[in-house]
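Peer 1: Need coordinates for the following:
(one chain, ligands or ions: 2)
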Amino acid sequence: ASHELILAVETSCDETSAAVVRGGKRILSNIVSSQIDTHRRFGGVVPEIASRKHAESITAIMEQALAEAGVSFRDLSAIAVTQGPGLVGALLVGIVAAKSLAMALGLPLIGTHHIAGHIYANELVHELVYPCLALVASGGHTELVLLESEGRFRIIGRTRDDAVGEAYDKVARTLKFPYPGGPHVDRLAQGADDEIPLPRAWLEPDSYDFSFSGLKSAVLAAINTAAMKGEPIREAALARGFQTSVIDVLTTKAVRAVREFGAKQLLLCGGVAANGGLRAALAARCEEAGIPLLVPPLQLCTDNAAMIGAAAHLKYARGEFTPLDMKAEPGLSL
Ligand code: KG4
Ligand code: ZN
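Peer 2: Ligands and ions are numbered 1, 2, ... in the order given. Alright, predicted model coming up:
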């Protein structure tokens with residue numbers, strides 16, 4: 001086993017994060033500085049502000065990661081950084097910081113895919129057995145990814161419009177909740193006494209793709225109709241109907257894909273894994289179907305640099321390094 005020390009950097013969206021990970025398994029530090037308070041008053045992430053905030057704090061965050069890990073620059077084996085996908089200006093800040101360090105210290109640079117990071121967050125706490133299937137559900141992504149073997153990803157389904165978290169955030173905004181609204185809608189749904197049934201977008205019978213914008217529009221239409229008629233808006237019942245539809249489609253397709261592709265495990269990744277209803281429903285269906293379900297602890301589900309360190313470790317072990325002229329790739333594919 002390799003016990004290399006990787007300093008990982010993640011700045012693809014609105015968290016500035018740096019972590020030190022040893023041998024792909026031990027998190028020595030994982031500093032995450034969220035910009036949410038800054039973006040909240042705009043109702044979403046403002047790219048220019050995100051870049052500026054990253055630039056202001058990245059150096060201090062990296063130093064803090066090293067200090068908390070009790071290591072110095074000289075102890076490092078490699079520098080890892082998210083190359084994409086993400087906001088181009090935000091990615092650039094992390095990439096410039098990582099490149100400068102790699103150059104100054106004469107260390108290898110490892111450009112990492114953000115979704116590979118979300119997926120390999122599982123490796124920090126579990127052992128993956130291939131082939132396995134990952135359900136990636138976040139504010140920017142909704143994907144079913146088949147891992148045929150280490151580092152070999154096949155996207156078998158993806159959203160055709162909104163990501164799950166994005167749909168949650170839009171519904172939340174209509175209900176006047178602050179950004180990010182997913183947790184608020186989740187809480188409202190959990191406390192509901194009844195449920196307004198809403199449609200499920202199954203798409204073509206054999207498709208593993210998703211679509212959430214129609215469902216989101218159904219919620220908005222129900223709210224507007226009630227308001228127009230002067231009727232009370234049954235917010236909780238709508239939130240419950242929305243959540244039930246989302247969970248039904250996600251869990252049904254994930255379990256069907258596990259069976260069809262003979263996956264040995266199902267991995268849940270991304271910020272929407274914080275949804276208690278989703279975790280419970282997936283756990284129940286997996287139990288019933290005899291599928292081992294892996295879910296990382298919540299602080300490893302949302303954006304963080306330790307997950308980038310975990311993904312980079314596998315590349316390090318294979319000797320896959322990235323040239324120093326690497327560029328930010330906002331649309332990088334897996
Ligand atoms: O992975 P993440 O931290 O950032 C991205 O890479 O997008 O995911 C954030 C997303 C937001 O859309 C947020 O509203 C959603 O995850 N989210 C939730 C819950 N907690 C966070 N959605 C539904 N229920 C939750 N409990
Ligand atoms: Zn993410």
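
Peer 1: Which positions in stretch 66-86 come out as buried?
Peer 2: Buried residues in stretch 66-86, counted by 16 or more other Cβ atoms under 10 Å: 66, 69, 71, 76-86. C-betas here are computed from N, CA, C, even on glycine.

Peer 1: Looking at those, which is nearest ligand 1?
Peer 2: G86 (8.3 Å; Cβ to the nearest ligand atom).

Peer 1: can you tell if stretch 240-253 touches ligand 1?
Peer 2: No - applying Cβ under 6 Å from any ligand atom, one finds stretch 240-253 separated from ligand 1 by no less than 8.0 Å.

Peer 1: circling back to that earlier point, show me which pair in the buried residues of stretch 66-86 is furthest apart.
Peer 2: Across the buried residues of stretch 66-86, no pair lies farther apart than V71 and P85, at 29.7 Å, counting by Cβ to Cβ.

Peer 1: need the strands for the stretch 101-250 of the chain, in chain order.
Peer 2: 109-113, 132-137, 142-149, 152-158 (DSSP state E, counting those that start in this stretch).

Peer 1: Distance check, A60 against L215.
Peer 2: For A60, the distance to L215 equals 41 Å [Cβ to Cβ, to the nearest Å].

Peer 1: more crowded one of these two?
Peer 2: L215 (23 against 13; other Cβ atoms under 10 Å).

Peer 1: Enumerate every residue touching the more buried one.
Peer 2: Shown in contact with L215 (Cβ atoms under 8 Å, 6 or more residues apart in numbering): 167, 198-201, 242, 245-246.

Peer 1: What parts of the stretch 101-250 of the chain come near ligand 1?
Peer 2: Counting by Cβ under 6 Å from any ligand atom, the stretch 101-250 of the chain sits next to ligand 1 at 138-140, 165-166, 168-169, 180-183, 186.

Peer 1: Kindly list the main-chain dihedrals of the residue nearest to the spatial centre of the chain?
Peer 2: Geometric centre of the chain, nearest residue: G270, 2.9 Å, by Cα atoms, centre = their mean. When quoted as degrees, to the nearest 10, the phi and psi of G270 stand at phi 100, psi 160.

Peer 1: I'd say it and A137 touch.
Peer 2: Yes - G270 is within contact range of A137, at 4.5 Å (criterion: Cβ atoms under 8 Å).

Peer 1: what touches both of the two?
Peer 2: With Cβ under 8 Å, 6+ apart as the test, G270 and A137 both reach G165.

Peer 1: per-residue confidence for G86?
Peer 2: pLDDT, G86: 95.

Peer 1: secondary structure element for it?
Peer 2: For G86, there is no host helix or strand (DSSP states H and E).

Peer 1: Could you measure from it over to ligand 2?
Peer 2: 8 Å (Cβ to the ion, to the nearest Å).

Peer 1: now swap in Y120 and tell me
Peer 2: 13 Å.

Peer 1: which outside residues touch the host helix or strand of L66?
Peer 2: L66 is part of helix 47-69, with elements assigned from DSSP H and E. Helix 47-69 has contacts (Cβ under 8 Å, 6+ apart) with 5, 7, 9, 11, 13-14, 16-20, 28-31, 33, 35, 38-39, 42, 72-73, 87, 89-90, 92-94, 97, 101, 305.

Peer 1: Give me the buried stretch members for it, please.
Peer 2: Of the residues in helix 47-69, those buried (16+ other Cβ under 10 Å) are 47, 49-55, 57-58, 61-62, 65-66, 69.

Peer 1: Please apply the same query to stretch 293-313.
Peer 2: Buried residues in stretch 293-313 (16+ other Cβ under 10 Å): 293-296, 300-313.

Peer 1: what does stretch 102-120 give?
Peer 2: Here stretch 102-120 shows 102, 107-120 as buried, counting by 16+ other Cβ under 10 Å.

Peer 1: tell me the contacts of the residue nearest to D161 when sequence neighbours are not counted?
Peer 2: Distances taken as Cβ to Cβ, 6 or more residues apart in numbering place S213 nearest to D161, at 3.9 Å, with adjacent residues excluded. Going by Cβ under 8 Å, 6+ apart, S213 touches 161-162, 167.

Peer 1: okay but K99 is in contact with P323, surely?
Peer 2: No - K99 is not in contact with P323 according to Cβ under 8 Å; the separation is 10.0 Å.

Peer 1: Please enumerate the shared neighbours of these two.
Peer 2: Common contacts of K99 and P323 (Cβ under 8 Å, 6+ apart): L109.

Peer 1: of the two, who's got more company?
Peer 2: Per other Cβ under 10 Å, whichever of K99 and P323 has more neighbours is K99, with 19 against 9.

Peer 1: Quick check: the more buried one is in a helix.
Peer 2: Yes - assessed with DSSP: H, G, I helix; E, B strand; the rest coil, K99 lies in a helix.
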